[in-house]
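Participant: next input, structure requested:
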Amino acid sequence: MKKALSWEQGSLIYGSKLIVDYKPIESYCPELIPQNKTRIIVYVWDCRIQKAKKHKLSWFLDSTIESMIHIRNRLSAGGKNG
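Facilitator: Here you go, the predicted structure:
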């Protein structure tokens, strides 16, 4: 007779042996410092802008790219995206 796998409070149990002890990722990572969080968000917007500029229709999307740059600048200055 095969032993059953079961989950109990974040742990994978096989028979009576503990196989995997699950901990949420938040328990491994410290909280983000607000300044670092802002830098990460601005970096992501920079990547989006670069990708949009390299797109073959970038000449057609000039106003959209300008809007993206405006949002990126507002976020880097501490404003909100909205």
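
Participant: got the buried residues for stretch 71-81?
Facilitator: Within stretch 71-81, the residues scored as buried using 16 or more other C-beta atoms under 10 Å are 71-72, 75. Any C-beta I mention is one placed from the backbone N, CA and C, and that applies to glycine too.

Participant: sorry, wrong one. I was asking about stretch 52-64.
Facilitator: Across stretch 52-64, burial judged by 16+ other C-beta under 10 Å covers Ala52.

Participant: could you list the residues in contact with that stretch?
Facilitator: For stretch 52-64, contacts defined as C-beta atoms under 8 Å, 6 or more residues apart in numbering pick out 65, 68.

Participant: what's the mean pLDDT across that stretch?
Facilitator: Averaging pLDDT along stretch 52-64 yields 88.

Participant: just the CA trace of it, in PDB.
Facilitator: What follows is stretch 52-64, C-alpha atoms only, in PDB (Å, rounded to 0.1, in the frame of the first residue of the first chain):
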ATOM      1  CA  ALA A  52       8.800  51.200 -27.300                       C
ATOM      2  CA  LYS A  53      11.500  53.300 -29.000                       C
ATOM      3  CA  LYS A  54      12.900  50.200 -30.600                       C
ATOM      4  CA  HIS A  55       9.500  49.100 -31.900                       C
ATOM      5  CA  LYS A  56       9.100  49.300 -35.700                       C
ATOM      6  CA  LEU A  57       6.000  51.600 -35.200                       C
ATOM      7  CA  SER A  58       7.800  54.000 -32.900                       C
ATOM      8  CA  TRP A  59       7.400  56.800 -35.400                       C
ATOM      9  CA  PHE A  60       3.600  56.300 -35.100                       C
ATOM     10  CA  LEU A  61       3.700  56.000 -31.300                       C
ATOM     11  CA  ASP A  62       5.600  59.300 -30.600                       C
ATOM     12  CA  SER A  63       2.800  60.700 -28.400                       C
ATOM     13  CA  THR A  64       2.500  57.500 -26.400                       C
END
